[in-house]
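K.L.:
Task: produce atomic coordinates for the following.
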Amino acid sequence: MKSKRSTKYERAKLKVTRIRGFYNHLAVYIVVNIALLFLRKQVTTTILSEEALGDTGFVHWLNWNIFGTPIIWGLFLLLHAIKVFEWTPFFNSNWEERQIQKHMKNNQL
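P.N.:
Model prediction:
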């Protein structure tokens, strides 16, 4: 049987590992999205200018993909942060306790 101390240590180590994983995810997010924005500028100014390409629809599609990636990925990054840092603004244990007390008080009347 493991001691309480080793169990607490293992939980703390797991928490730190998850936090490190989140920061790695954040770093990759920043680097990739900066690279995408830089590449978008380079690609559209040199190769895919609207005049040279003749198809503005493709340029719009490219823009949606390049600007959509940080938005969608950012939402998943936010979910990752919520999970790692255990942020539950609405239905946390304090909320549950307040609701229980409220309903107990209402039922007593």
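
K.L.:
contacts and neighbour counts: CA atoms only from here.
P.N.:
OK.

K.L.:
What residues does the spatially most central residue of the chain make contact with?
P.N.:
For the chain, the residue nearest the mean C-alpha position is Leu77 (1.3 Å; C-alpha atoms, centre = their mean). Contacts for Leu77 (C-alpha atoms under 8 Å, 6 or more residues apart in numbering) come out as 25-26.

K.L.:
Name the helix or strand for Asn24, please.
P.N.:
Per DSSP states H and E: Asn24 is located in helix 4-46.

K.L.:
actually Phe90, not the one I typed
P.N.:
Judged by DSSP H and E, Phe90 forms part of no helix or strand.

K.L.:
any idea how far it is from Ile71?
P.N.:
Noted for Phe90: a distance of 23 Å to Ile71, by C-alpha to C-alpha, to the nearest Å.

K.L.:
So those two - more neighbours on which side?
P.N.:
Using other C-alpha atoms under 10 Å as the criterion, Phe90 and Ile71 rank with Ile71 on top: 13 against 9.

K.L.:
so how far is Ile71 from Trp64?
P.N.:
Computed as C-alpha to C-alpha, the Trp64 to Ile71 distance reads 10 Å.
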